[in-house]
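>>> the amino acid sequence is not available; the structure is as follows:
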């Protein structure tokens, strides 16, 4: 069973701080990694994807990938109350069917004003 | 949610009743998926489709069937609904954007309650 693990949280940060969300995965051959944001009662929304080791920045969001450690993270700079949501990590596993995602259970982030 | 609709958005049904959920896309994406989301379990893949009339099982397919007769429509059927199938159901679509990239986009969801 190829797994994706996230701390369930809740992770609570003050407004303006950096929020750090972490994800580990078991399939060493995984190539593609995604972060989704899900507000309560809404559907998941794709916010970042990363395929190469290192950092990828998009506005206040930075995704970091370390394939050797099988670790992917999402940093949210200058956190806002509107960032309060559950963040889902998802991975495309190796071994064919590279159009299927395995999701972690998500980390609940709360940004306090 | 642009380009993906699900119907109905909410449904209450009784145990033993057949139920069909519909996903409709206007993006002409090849791949379509049905997930269920439950507290403590996250998103779990029920069935997926990789083309018209081409479908396969996901990790929680028991009690569910699917059909895809057109690119734009993917139907999920609960043959005989049980209380354990009370959940939020999401449809998703994807297509190959670049090598290694099959970004999935989700519909608005259907909240199903089986009494």
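Ah, there it is. What you see is a predicted model; the values in this text were computed from it and never measured.

>>> which residues does the residue of chain A found nearest chain B contact?
Using CB to the nearest CB, the point where chain A gets nearest to chain B is residue A:105, with a distance of 3.8 Å. To be clear about C-beta, it is placed using only N, CA and C from the backbone, and glycine gets the same treatment. Contacts here follow CB atoms under 8 Å, 6 or more residues apart in numbering or on different chains; on that basis residue A:105 touches A:6, A:8, A:88, B:40-42.

>>> between those residues, which is closest to residue B:59?
Closest to residue B:59 out of these is residue B:41 (10.3 Å), distances taken as CB to CB.

>>> check the secondary structure at residue B:45 for me.
Using DSSP: H, G, I helix; E, B strand; the rest coil as the criterion, the local structure at residue B:45 reads strand.

>>> isn't it right up against residue A:99?
No: the pair formed by residue B:45 and residue A:99 falls short of the contact definition of CB atoms under 8 Å, at 11.2 Å.

>>> if we can go back for a sec, who wins for neighbours among the contacts of residue A:105?
Ranked by neighbour count (other CB atoms under 10 Å in any protein chain shown), these have residue A:88 at the top, with 27 neighbours.

>>> list phi and psi for residue A:83.
Torsion angles at residue A:83 (phi, psi; degrees, to the nearest 10) stand at phi -80, psi -10.

>>> count of residues packed around the closest residue to it other than its chain neighbours?
Closest residue in space to residue A:83, ignoring its immediate chain neighbours: residue A:111 at 5.1 Å, by CB to CB, 6 or more residues apart in numbering or on different chains. Applying other CB under 10 Å, we find 20 residues neighbouring residue A:111.

>>> can you tell me the helix or strand for residue A:111?
Residue A:111 belongs to strand A:107-112 when assigned by DSSP states H and E.

>>> interface residues of chain B facing chain A?
Proximity of chain B to chain A, by CB under 8 Å from any CB of the partner chain, involves residues B:1, B:31, B:33, B:40-45, B:48, B:50, B:58, B:90, B:94, B:96, B:100-109.

>>> please redo it, this time with the cut-off set to 7 Å
Of all the residues in chain B, those in contact range of chain A (CB under 7 Å from any CB of the partner chain) are B:1, B:31, B:42-43, B:45, B:48, B:50, B:90, B:94, B:100-109.
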